[in-house]
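Engineer: what shape does this take:
(chains A and B)
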Amino acid sequence: MSIKESDNLFKFLQEKATWVREETLKIHKIAPETRLASSLSDVEIFVSLYYGELLKFDPKNVRWEERDRFIISKGHGAISLYPILADLGFFDRNELTKVCQEGSFLGGMPDTIIPGFETINGSLGHGLGVACGIALALKRKNSNSKVFVLLGDGELFEGAVWEAIMFAPQHKLDNLISIVDNNKICMLDYCKNIIDLSRLEEKFQTFKWMVTTVNGHNIEEIYNSLKGLKESKDNRPKVLIANTIKGKGVPQLENDTLCHIKSLKEEEIISAIEGLQ
Amino acid sequence: MSATQLKTMRDVFIETIYDRMHENNHLFFLSADFGSPMLDKLKKDFKDRFINVGIAEQNLINVATGLAIEGYCVYAYAIAPFITMRAYEQIRVNLSISSQIKPVNVNLIGVGGGVSYDVSGPTHHCLEDISIMRLLPNMIVFSPSDWKLAESFVDYSINVKKPKYIRFDGKPLPLIYDDVNNLNLKNGFNELLKGEKVCLVSTGYMTHRALKAAKELQDVGVIDMFILKPVNEELLFGILKKYEYIITIEEAFINNGGLDSLISKILFDNQSNIKLKRLGFNDKYVFDLGNRDHLHKINNLDEESIIRAVQEFKNV
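Structural biologist: Sure thing, here's the model as predicted:
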């Protein structure tokens, strides 16, 4: 079923989100090295962009010049994008059963060898600056395409991100839409116990960004906000701060400070999948 | 052979890019708040394709990457130690790793290789760049000895869609090459003087010193290495093997992956008996003050030291 066949967009997106969580858990079962908790906080973001058709793309022509660019800077959290890309035809669904296995192109950190990924990911703090370059290039080409970037809140500790945060408004990159998956937990602790990032909206506003904050698991809010930012005529770069829960949907992970590095056992995955329904 | 007309490599290079930018709208020039008299003109006439990103080398590389992914040929310009070392991981991930999958034409222009910024001290000296940039897969490393070579590299940099590190001297230098049109850039080196027993193999500024030293001596060969990666090793060994003694000369740390390591590797792989001596900076930073000649003298890189090294070989 596609968005056009659905009479209730948000119900449709919500069902997709549940399905994506299930598929992500299945991937984690065969690839316990994958970062499960980080890949569960951004599910509604991916679902809104791809199934809500907020992102322009063509799975059969991944380099389509008129596509919107989506940079997944927090690459470790993109395991949940694999089932979406497979479902939409970027690659064969069968590939999902081979993640991190010998001969597969779907690794623990997504790279450009995977159809649908624009950049090398895995090392944090690069995506926003690269996205600025892409946004600038699109402006010079007089393209209407947008550049979306997904950042983690812990990723904001990287200094290079702030070089880009300062750069984007200076060059009026109004075609740039950042999304912060604000799941509030790093690898070892709550971000606020390491470097307190509270009042993040004000930080971005001070740097002359247009800011919207949403509940990152409320599909209606995310969809409407992203749509609003995409259609906005404001000449500032945009950022959506999505307040999320790391490990969302899996009680053993939610708000466990160490959930980033936690792998679930097979029986835990089975019960987690049952719990999603 | 050497003309007296002094020019900086960067000015000639940038002037040529400026010319190309008129006919090629796919060229972008980014600077990390670093200038050149020639850059003022480019900045003024190509407001849309020149950006000063500020003192932010990491973002310099990232923005350059984004533009290159979209098909632009990008020049990223800064002082050599900062563009290579402050932004090394950006270069590794976004240029070196990335370009293995799809073309990324970003040309890193590092000005002030070696100790051209003599009195600015160890932060501004750049003795590591040859090694660390050679280390990166998919990277081309260019180290010209004069401005004609630098100029000839502009079209190469546009046409060869790979990341490149361009190591420029900071100071105006005289010409070594009268004509570079017959030079095959891809070979990466040129035998400037043919000799008998001893050959000096040098790069960048040190080729000027090598030539001066060779003139004081007889039958000493000089090879100018202007591309340090990739190197046509077979072709190079074909020349090296005519000699019994080789002295590598570089304004860089030795024994750690620089020009000396490259030559030593080629000799070893070919099971050669040729003796090798390495002139360059030992494993220490330079705090001594004084001009470049002084820094060379106290680090055994002046003409006298080169001559002494040749004579030691000849007297064996």
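Engineer: which ones are touching the residue in the stretch 1-150 of chain A that chain B sits nearest to?
Structural biologist: Among the residues of the stretch 1-150 of chain A, A:G133 lies closest to chain B, at 1.9 Å counting by C-beta to the nearest C-beta. Placement of C-beta: from N, CA and C, glycine included. If a contact means C-beta atoms under 8 Å, 6 or more residues apart in numbering or on different chains, then A:G133 has B:62-70 as its contacts.
Engineer: how about these, which pair is most distant?
Structural biologist: Farthest apart among these by C-beta to C-beta are B:N62 and B:E70. That separation is 13.3 Å.
Engineer: more neighbours, those two?
Structural biologist: Remark: of B:N62 and B:E70, B:N62 carries more neighbours, 32 against 21, as counted by other C-beta atoms under 10 Å in any protein chain shown.
Engineer: just to be sure, that one is in a strand?
Structural biologist: No: counting by DSSP: H, G, I helix; E, B strand; the rest coil, one finds B:N62 to be helix, located in no strand.
Engineer: state the helix or strand in which the closest residue to it other than its chain neighbours lies.
Structural biologist: Excluding the flanking residues, the one nearest B:N62 by C-beta to C-beta, 6 or more residues apart in numbering or on different chains is A:G129, at 2.6 Å. Assigned by DSSP states H and E, A:G129 falls within helix A:127-140.
Engineer: can you list the strands that the helix or strand following that helix pairs with?
Structural biologist: Proceeding C-terminally, helix A:127-140 gives way to strand A:147-152 as the next helix or strand, assigned by DSSP H and E. According to DSSP bridges, strand A:147-152 forms sheet pairs with strand A:69-72 (parallel), strand A:176-182 (parallel).
Engineer: what distance do you get for A:D196 to chain B?
Structural biologist: 23 Å (C-beta to the nearest C-beta, to the nearest Å).
Engineer: isn't there a strand covering that residue?
Structural biologist: No: A:D196 is assigned coil when assessed by three-state DSSP, not a strand.
Engineer: where do the helices sit along chain A?
Structural biologist: Secondary structure of chain A (DSSP state H): helices at A:9-30, A:36-41, A:43-50, A:81-87, A:127-140, A:159-170, A:191-194, A:200-206, A:219-231, A:266-276.
Engineer: let's have the ones you listed in CSV, adding mean pLDDT.
Structural biologist: CSV is the format used below for these (pLDDT from 0 to 100):
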stretch, mean pLDDT
helix A:9-30, 97
helix A:36-41, 96
helix A:43-50, 98
helix A:81-87, 98
helix A:127-140, 98
helix A:159-170, 98
helix A:191-194, 95
helix A:200-206, 98
helix A:219-231, 97
helix A:266-276, 94
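Engineer: kindly state the pLDDT recorded for residue 150?
Structural biologist: Picking chain A for this. Note on A:L150: pLDDT of 98.
Engineer: chain B is the one I meant
Structural biologist: The predicted local distance difference test score for B:A150 is 97.
Engineer: isn't A:E66 up against A:K141?
Structural biologist: No: contact criterion C-beta atoms under 8 Å: A:E66 and A:K141 do not qualify, at 10.4 Å.
Engineer: list the buried residues for stretch A:49-56?
Structural biologist: The neighbour-count check on stretch A:49-56 (16 or more other C-beta atoms under 10 Å in any protein chain shown) flags A:49-52, A:54-55 as buried.
Engineer: quick one, helices of the stretch 151-300 of chain B?
Structural biologist: For the stretch 151-300 of chain B, the helices defined by DSSP state H, counting those that start in this stretch cover B:206-216, B:233-240, B:259-269, B:292-298.
Engineer: what is the next helix or strand after the last one packed up against?
Structural biologist: Once the chain leaves helix B:292-298, the next helix or strand it forms, by DSSP H and E, is helix B:303-314. Using 3 or more C-beta pairs under 8 Å, 6 or more residues apart in numbering or on different chains; DSSP states H and E as the contact criterion, the neighbours of helix B:303-314 among helices and strands are strand B:198-202, helix B:206-216, strand B:245-253, strand B:275-281, helix B:292-298.
Engineer: pull up the gap between the residue nearest to B:D269 when sequence neighbours are not counted and A:I72, please.
Structural biologist: Using C-beta to C-beta, 6+ apart and skipping the chain neighbours, the partner closest in space to B:D269 is B:E233 (7.4 Å). B:E233 sits 40 Å away from A:I72 when distances are taken as C-beta to C-beta, to the nearest Å.
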